[in-house]
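> Everything below, folded, please.
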Amino acid sequence: MGSEQRTQTSQRSDARRNRIRILDAARELVATSSPGSPSGKPTASELSMAEVARRAGVGRATLYRNFPERRDLLEALFADEVDALIAAAVPSSDDAGAALLEWLRRFAAFEDSKHVIAHELLEYTSAADPVFASSRQRVIAAGEPLLAAAQRAGHIRDDVTLVQALDLVLAIVRLDRDRDQIETILQVALDGLRAHQR
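Below is the predicted model:
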């Protein structure tokens, strides 16, 4: 490999690392609680591009080279979160029911963290935008094999669809309650998905 090729490879590696650092910083910012926000969620001002660049340790030029507009950053962050949720949908031969319930918990955490991202994105688009619609379909497609395996194993009641289970979790996450109450309600709901032992 010549020196020019090594330089280009190094530059691409640096660019990838910068992109990852920017996304990590934005993700951290979304996850950080805001004392001034009644819900404990970050406020819109906390998701400023300047703050993301500062936390990522990159210059504004680097930030805008990767994400020319705020919407680009939000969409990339949203897509990353969806990809991580889908990648976590791994069936288990040991305990198919536990694998599904753990994934539904992960879905709850995903919904909780993506709330701010989705709210921000809706300033640029609508709920009908493919960025939302296609993501929902991908999540459903990833979770259905988990539910099917859990139902075949007799761990999860067979009269529930994945969409119903996801809607149940979503409704709980959106309740106006503190985190401890949400956790208790979520646990009761997930327990209710288990098949009755006879």
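
> quick one: low-confidence parts of the chain?
For the chain, applying pLDDT under 70 flags the ranges 1-11, 33-47, 197-198.

> Domains of it: list them as residue ranges, please.
Domains of the chain are assigned by automatic domain parsing as 1-68, 69-198.

> Dump those domains to CSV, plus mean neighbour count.
C-beta: built from backbone N, CA, C; applies to glycine. Supplementary listing: the domains of the chain in CSV, determined by neighbours: other C-beta atoms under 10 Å:
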stretch, mean neighbour count
domain 1-68, 14
domain 69-198, 16
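
> So which residues make contact with stretch 180-196?
Stretch 180-196 is contacted by residues 97, 100-101, 104-105, 108, 151, 154-158, 160, 165, 168-169, 172-173, 175, 177 when judged by C-beta atoms under 8 Å, 6 or more residues apart in numbering.

> which ones among those residues are found in helices?
97, 100-101, 104-105, 108, 151, 165, 168-169, 172-173 (DSSP state H).

> between these, which is nearest residue 89?
When those are compared for distance to residue 89 (C-beta to C-beta), residue 100 wins out at 9.1 Å.

> ranges for the helices of this protein?
Under DSSP H, the chain gives helices at 3-31, 49-56, 60-66, 70-87, 96-121, 130-152, 162-173, 179-193.

> Give the other helices and strands that the fourth one contacts.
To tie it back to what came earlier, the one meant is helix 70-87. Other helices and strands packing on helix 70-87, by 3 or more C-beta pairs under 8 Å, 6 or more residues apart in numbering; DSSP states H and E, are helix 3-31, helix 49-56, helix 96-121, helix 130-152.

> Helix 130-152 and that one, what's the angle between them?
Interaxial angle of helix 70-87 relative to helix 130-152 (axes from the mean of the first three to the mean of the last three C-alpha atoms, to 10 degrees): 10 degrees.

> Restrict helix 70-87 to CA atoms and write it as PDB.
Extracted C-alpha coordinates of helix 70-87, given in PDB (Å, rounded to 0.1, in the frame of the first residue of the first chain):
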ATOM      1  CA  ARG A  70     -29.900  19.100  12.400                       C
ATOM      2  CA  ARG A  71     -32.500  16.800  10.800                       C
ATOM      3  CA  ASP A  72     -29.700  14.700   9.300                       C
ATOM      4  CA  LEU A  73     -28.300  14.100  12.800                       C
ATOM      5  CA  LEU A  74     -31.700  13.300  14.300                       C
ATOM      6  CA  GLU A  75     -32.500  10.900  11.500                       C
ATOM      7  CA  ALA A  76     -29.200   9.100  11.900                       C
ATOM      8  CA  LEU A  77     -29.600   8.900  15.600                       C
ATOM      9  CA  PHE A  78     -33.100   7.500  15.200                       C
ATOM     10  CA  ALA A  79     -32.000   5.000  12.600                       C
ATOM     11  CA  ASP A  80     -29.100   3.800  14.900                       C
ATOM     12  CA  GLU A  81     -31.500   3.300  17.800                       C
ATOM     13  CA  VAL A  82     -33.900   1.300  15.600                       C
ATOM     14  CA  ASP A  83     -31.000  -0.800  14.300                       C
ATOM     15  CA  ALA A  84     -29.800  -1.600  17.800                       C
ATOM     16  CA  LEU A  85     -33.400  -2.700  18.800                       C
ATOM     17  CA  ILE A  86     -33.700  -4.900  15.800                       C
ATOM     18  CA  ALA A  87     -30.200  -6.500  16.300                       C
END
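
> Fine by me, thanks again.
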